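In: When you get a sec, could you give me coordinates for this:
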Amino acid sequence: MTTPSGQSAPATPAGEVQRGSRAPRSPEEPLNKAVILRWSLWSWGNATVSALMVTFVFGTYIADAVGPGGQGSQYLTTANLVAGLIIALTAPVIGQRADKAGRRQLWLTINTVLVVLLCAACFFVKPDTGFLLLGVTLMAAMTLFDEFANLNYNAMITDISDHSRMGRVSGIGWGSGYLGGIVILAIAYFGLVADGGLLGVSTDEAFNIRLVAVVGAVWFLIWALPLLFTRMTTADEMAAAERIPVSESYRRLVRVVVGLWREDRNTFWFLVASAVYRDGLSAIFTYGAILGVTIYGFTSGDILLFGIAGNVVAALGAISGGFFDDRIGPRRVIVFSVAALMLIAAVMYFFDVEREVLGLTVTPTAAFWVLGLTLCLFVGPAQASSRAFVGRLAPPERAAELFGLYATAGRSIGFLTSGVSALLLTITLGAEADIEDAEKALIIGILVVLACGLALLLKVKDPTGPAKMAEH
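Out: Next comes the predicted model:
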């Protein structure tokens, strides 16, 4: 019997593996819904990082209260750049070693726990510039280990789905993350943020905002546990464990990259193109809420309500995009989504002031509601289809290695948005320009990066089989 990728299916002793704890071996074999549910619940809990900490609560708290006047945004972009460089240098080797040692799930567990602890530690960041360095350091470290957790989590898609249904599984996973974001944002806003919330928590020294970090950490841990305690036979565990020096891991990485350039240009160019446009996608979520507060007139409470609505829209986009992915291919979904995002962001750039549109007066806040929610609709499909694209390329026993290379490709070019935006912020603030004009440099950076990624994506075709990765 062979897998959809054309590889021989490993023999499994009777009774060793429960039915469904591996990927289906043919499109006729049903997906294991229980395992997919647990896999999706991890993403539901992981919404703490993207929705609660990076985008709608703690990122804006650092920019608005801990480091006001543009200083918080400048420190955050710089810290994200440092974290991105570390990921770029280590992610594929970490994925490769997890595959070779058969420890994909172990490293998912370790990195999940580290993210939970770093998230909880943000409670100690008070609204004072003296805590700015601590705040951005904790946020950058949390982002670092979250990326390591996600490369192992993403690789598991090859363990729970066949290629023909990978788009919908990926879309369901992304959609679950957005839906989880809705619930945790609602808990944060109504329970803690809005004037102390229903719990009547003190707002002195932003205690209620800082407590959000603890609640978010507990939330992630609770929903991650079902997957962390699920015993799955994954392709990396089927391979013989192998111990090699770190230096050899990097030599193997070089051979894989060179091999892709020589034998599989489609995969090579997808990694490059996705690295560029995904940096723009990440920036939309990383800095979107900050821009809402600093430019478009949102309060910290308003931006949380927007986050709840935005996650509803993003979930619908991701889930529906996953079904389109299986029917028309991931490339078309990504191209359409990125092009739509560019158009919307370009229009949004001009709505930082009140304008007349078709006889109606449109305020910056109203424009952000409409255009921002439309952005959310297209971010989800682009992200979900990108993961499904790599999942279709990944040889199951080397999935974490390829997803690590996918992460590294993104982070190696991750300086584009953060670096250009940090430079523009530094120049404009140093020139004593209007702070709002300086903050708008983030939109320019995002547009440029998305345009470059889209141009590179035109060189790519939909995957037709596993990537031709050089043998070790």
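
In: Could you pull out the helices in the stretch 51-200 of the chain for me?
Out: Using DSSP state H, counting those that start in this stretch, the helices found in the stretch 51-200 of the chain span residues 58-61, 71-101, 104-121, 132-155, 157-160, 166-188.

In: from the chain's centre, how far out does the first one sit?
Out: The one in question is helix 58-61. In terms of Cα atoms, centre = their mean, to the nearest Å, the centre of helix 58-61 is set 17 Å apart from its chain centre.

In: What is that helix packed up against?
Out: On a contact count with 3 or more Cβ pairs under 8 Å, 6 or more residues apart in numbering; DSSP states H and E, helix 58-61 meets helix 132-155, helix 207-228, helix 265-294, helix 300-328. All C-beta spots, glycine's among them, are computed from the backbone N, C-alpha and C.

In: Report the buried residues of stretch 272-286.
Out: With burial defined by 16 or more other Cβ atoms under 10 Å, the residues of stretch 272-286 counted as buried are 272-286.

In: Alpha carbons of it, in PDB - could you do that?
Out: The C-alpha trace of stretch 272-286 is given here as PDB (Å, rounded to 0.1, in the frame of the first residue of the first chain):
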ATOM      1  CA  VAL A 272      10.800  32.600  -1.200                       C
ATOM      2  CA  ALA A 273       7.500  34.100  -2.300                       C
ATOM      3  CA  SER A 274       5.600  32.900   0.800                       C
ATOM      4  CA  ALA A 275       8.400  34.200   3.000                       C
ATOM      5  CA  VAL A 276       7.800  37.700   1.600                       C
ATOM      6  CA  TYR A 277       4.000  37.900   1.500                       C
ATOM      7  CA  ARG A 278       3.600  36.100   4.900                       C
ATOM      8  CA  ASP A 279       5.800  38.800   6.500                       C
ATOM      9  CA  GLY A 280       3.200  41.300   5.300                       C
ATOM     10  CA  LEU A 281       0.400  39.100   6.600                       C
ATOM     11  CA  SER A 282       2.000  38.900  10.000                       C
ATOM     12  CA  ALA A 283       2.500  42.700  10.100                       C
ATOM     13  CA  ILE A 284      -1.200  43.300   9.500                       C
ATOM     14  CA  PHE A 285      -2.000  41.500  12.700                       C
ATOM     15  CA  THR A 286       1.100  42.600  14.600                       C
END
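
In: Where in this protein is the helix or strand with the lowest mean pLDDT?
Out: Among the helical and strand segments of the chain, the one scoring lowest on mean pLDDT, DSSP states H and E is helix 235-238, with a mean of 48.

In: a markdown table please, covering the helices and strands packed on helix 58-61 and showing distance to residue 451 and mean pLDDT.
Out: Output for the helices and strands packed on helix 58-61, formatted as a markdown table (distance: least, Cβ to Cβ, whole Å; pLDDT from 0 to 100):
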| stretch | distance to residue 451 | mean pLDDT |
| --- | --- | --- |
| helix 132-155 | 25 | 89 |
| helix 207-228 | 34 | 94 |
| helix 265-294 | 9 | 84 |
| helix 300-328 | 21 | 84 |
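
In: who wins for proximity to residue 123 among these?
Out: For the helices and strands packed on helix 58-61, the distance to residue 123 is smallest for helix 207-228, at 4.7 Å, taking Cβ to Cβ.

In: which strands and helices sit next to that closest one?
Out: helix 33-47, helix 58-61, helix 104-121, helix 166-188.

In: Quickly compare those helices and say which is most buried.
Out: Per-stretch averages of neighbours, counted by mean count of other Cβ atoms under 10 Å, single out helix 58-61 among the helices and strands packed on helix 207-228, with a mean of 27.

In: Enumerate residues external to that one that contact any of its residues.
Out: Applying Cβ atoms under 8 Å, 6 or more residues apart in numbering, the contact partners of helix 58-61 are 52-53, 76, 122, 125, 127, 135, 139, 206, 209, 212-213, 286-287, 289-290, 292-293, 300, 303.

In: same thing with stretch 188-207?
Out: Against stretch 188-207 from outside (Cβ under 8 Å, 6+ apart): 52, 57, 61, 65, 126-127, 208-209, 211-212, 215-216, 300-301, 304-305, 308.

In: circling back: quick one: closest of the helices and strands packed on helix 207-228 to residue 361.
Out: Per Cβ to Cβ, nearest to residue 361 of the helices and strands packed on helix 207-228: helix 58-61, 26.5 Å.

In: now that closest one: mean pLDDT?
Out: Averaged over helix 58-61, pLDDT sits at 84.

In: By mean pLDDT, show me the worst of the helices of the stretch 51-200 of the chain.
Out: Minimum mean pLDDT among those: helix 71-101, a mean of 73.

In: which strands and helices sit next to that one?
Out: Applying 3+ Cβ pairs under 8 Å, 6+ apart, we find helix 71-101 packed against helix 104-121, helix 132-155, helix 235-238, helix 246-263, helix 265-294, helix 399-412, helix 415-430.

In: could you dump those to JSON lines with distance to residue 173?
Out: Shown next, in JSON lines, are these (distance: least, Cβ to Cβ, whole Å):
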{"stretch": "helix 104-121", "distance to residue 173": "14"}
{"stretch": "helix 132-155", "distance to residue 173": "9"}
{"stretch": "helix 235-238", "distance to residue 173": "18"}
{"stretch": "helix 246-263", "distance to residue 173": "26"}
{"stretch": "helix 265-294", "distance to residue 173": "16"}
{"stretch": "helix 399-412", "distance to residue 173": "13"}
{"stretch": "helix 415-430", "distance to residue 173": "24"}
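
In: Which one of those lies nearest to residue 332?
Out: That would be helix 265-294 among the helices and strands packed on helix 71-101, by Cβ to Cβ, at 13.7 Å.

In: Nearest the geometric middle of the chain, what residue?
Out: Central residue of the chain (Cα atoms, centre = their mean): residue 282, 6.5 Å from the mean position.

In: ok, now how distant is it from residue 354?
Out: Here residue 282 is placed at a distance of 30 Å from residue 354 (Cβ to Cβ, to the nearest Å).

In: could I get the helices and strands packed on helix 207-228 as TSV with distance to residue 370?
Out: Formatted as TSV, the helices and strands packed on helix 207-228 follow (distance: least, Cβ to Cβ, whole Å):
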stretch	distance to residue 370
helix 33-47	23
helix 58-61	20
helix 104-121	32
helix 166-188	19
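
In: I'd like to know which of those is closest to residue 375.
Out: Among the helices and strands packed on helix 207-228, the nearest to residue 375 by Cβ to Cβ is helix 166-188 (13.1 Å).

In: tell me the angle of the closest one relative to helix 300-328?
Out: 170 degrees (axes from the mean of the first three to the mean of the last three Cα atoms, to 10 degrees).

In: Can you name the residues in contact with stretch 283-291?
Out: Outside stretch 283-291, the residues that touch it by Cβ under 8 Å, 6+ apart are 50, 54-56, 59-60, 63-64, 73, 76, 80, 298, 303, 306-307, 341, 345, 372, 375, 379, 417-418, 421, 439-440, 442-443, 445-446, 449.

In: my bad, should have said stretch 211-228
Out: Residues from elsewhere that reach stretch 211-228 (Cβ under 8 Å, 6+ apart): 37-39, 41-42, 44-46, 48-49, 52-53, 57-58, 105, 108-109, 112-113, 115-117, 119-123, 125, 180, 184, 187-188, 191-193, 201.
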